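**Student:** Kindly generate the corresponding structure for this input.
(one chain, ligands or ions: 1)
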Amino acid sequence: MTIETIKTVAVLGAGTMGNGIAHVFARAGYSVILRDVEERLLQRGMDTIGKNLDREVKKGKLTDAEKPAVLARLKPVTDMAAIAAADFAVEAVPEKLEIKRAVLTDADRLLRPDVILASNTSSISMTALAAMTKRPERFVGMHFMNPVPMMVLVEVIRALQTGDEAFATTMELAKKLGKTPVAVNDAPGFVSNRVLMPLINEAAYAVMEGVATPEAVDAVMKLGMNHPMGPLELADFIGLDVCVDILNVLLDGLGDPKYRACPLLKKYVSAGWLGRKAGRGFYKYT
Ligand SMILES: NC(=O)c1ccc[n+]([C@@H]2O[C@H](COP(=O)([O-])OP(=O)(O)OC[C@H]3O[C@@H](n4cnc5c(N)ncnc54)[C@H](O)[C@@H]3O)[C@@H](O)[C@H]2O)c1
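**Tutor:** Now for the predicted structure:
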């Protein structure tokens, strides 16, 4: 598929990332088939999109009149067969290999053979996912950042098998969404998590060893290094369980003990202090 022939996009999964991805495609003028396994999950995703569009209207990024037009371009479905009409597809289902395998196999069977299939995985090998499909040269990583409507970066990841045409089309498509695509080769953690997670891990060690409080570590990084968020605030936002999982992927994939998750991070996860979503992580949230 060339960029001009892409009109309809399938987004698999209407969770945190999927509803954001559907939002940005619909806002950019694409028809979107948004698929999840239950009506209630689709409704939750559509409600989030509605609220986020309202926020964009308030900020003047979108006019009042444009909001219903964006919503009208979104078609929530539970029927997987409906994705057959798509000219491009992105999966954003949970980060579990067996779920990815089932969804990718189904999508591969339903989509036309010329359609590019993209994955938003944060940590699974794109090369391994590509190999699960019969279209490995048209399989690519499209790693959006959370929250998708606000974050400008898309890491476009080339699996070993990804063809030049599919890669170039995906880079172009990210630009059509108003994003800045950055080309990266497939490797554990890609660039984003390969660089970010050791920073978060080291910040956790500094707290564990009593070098400084979480507030002090974050203040140093914000005021001294110009980071908009401190690494521990960011870790709480991402989820400490997710951070530990990604560090394990880096450790496993790269084999270097420098990626071993800090014991304090693991202890917080054991306590259920998973960050913002649990009301407590390095910080307490009310
Ligand atoms: N949350 C983040 O900050 C973030 C950032 C970048 C990438 N990612 C990646 O994005 C992907 C999705 O993460 P998330 O945080 O949105 O997860 P999530 O749990 O919020 O959403 C996943 C959604 O997929 C749905 N789902 C499950 N099986 C499905 C199926 N067979 N077909 C369609 N939908 C199905 C679930 O019901 C759920 O609504 C993961 O691969 C994750 O690694 C997450």
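**Student:** How about the contacts made by the residue positioned nearest the centre of the chain?
**Tutor:** When the chain is reduced to its mean C-alpha position, the nearest residue by CA atoms, centre = their mean turns out to be residue 144, at 4.3 Å. Going by CB atoms under 8 Å, 6 or more residues apart in numbering, residue 144 touches 17, 20, 21, 24, 92, 120, 151, 154, 179. Quick note: C-beta positions are derived from backbone N, CA and C, even for glycine.
**Student:** I'd guessed residue 248 sits against residue 261; true?
**Tutor:** Yes: the pair residue 248 / residue 261 is scored as a contact, 6.6 Å apart, by CB atoms under 8 Å.
**Student:** Show me which of those two is the more surrounded one.
**Tutor:** residue 261 (21 against 14; other CB atoms under 10 Å).
**Student:** Is the nearest residue to the more buried one once chain neighbours are set aside part of a helix or strand, or is it coil?
**Tutor:** Counting by CB to CB, 6 or more residues apart in numbering, residue 247 is the residue found nearest to residue 261 once chain neighbours are left out, at 4.2 Å. Of the three states, residue 247 takes helix under DSSP: H, G, I helix; E, B strand; the rest coil.
**Student:** From the ligand, how far out is residue 247?
**Tutor:** Between residue 247 and the ligand the computed distance is 14 Å (CB to the nearest ligand atom, to the nearest Å).
**Student:** residues in contact with that residue?
**Tutor:** Neighbours of residue 247 in contact, by CB under 8 Å, 6+ apart: 197, 201, 259, 260, 261, 265.
**Student:** closest point of the chain to the ligand, which residue?
**Tutor:** Going by CB to the nearest ligand atom, the ligand is nearest to residue 15 of the chain, at 1.8 Å.
**Student:** and that residue, how far is that from residue 152?
**Tutor:** 21 Å (CB to CB, to the nearest Å).
**Student:** between the two, who's got more neighbours?
**Tutor:** Shown here are residue 15 and residue 152; by other CB under 10 Å, residue 15 has more neighbours (15 against 11).
**Student:** May I have the phi/psi pair for the more buried one?
**Tutor:** phi -80, psi -160 (degrees, to the nearest 10).
**Student:** what's the spacing between residue 109 and residue 140?
**Tutor:** Distance from residue 109 to residue 140, by CB to CB: 19 Å.
**Student:** neighbour-wise, which of those two wins?
**Tutor:** Per other CB under 10 Å, whichever of residue 109 and residue 140 has more neighbours is residue 140, with 27 against 11.
**Student:** on that earlier part again, do you know the pLDDT at the residue nearest to residue 261?
**Tutor:** On pLDDT, residue 247 comes in at 97.
**Student:** Strands of the stretch 1-150 of the chain, residue ranges please.
**Tutor:** 8-12, 31-35, 74-77, 88-91, 116-119, 139-144 (DSSP state E, counting those that start in this stretch).
**Student:** possible to save those strands as a markdown table with mean pLDDT?
**Tutor:** Listed next are the strands of the stretch 1-150 of the chain as a markdown table, based on pLDDT from 0 to 100:
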| stretch | mean pLDDT |
| --- | --- |
| strand 8-12 | 98 |
| strand 31-35 | 98 |
| strand 74-77 | 98 |
| strand 88-91 | 98 |
| strand 116-119 | 98 |
| strand 139-144 | 98 |
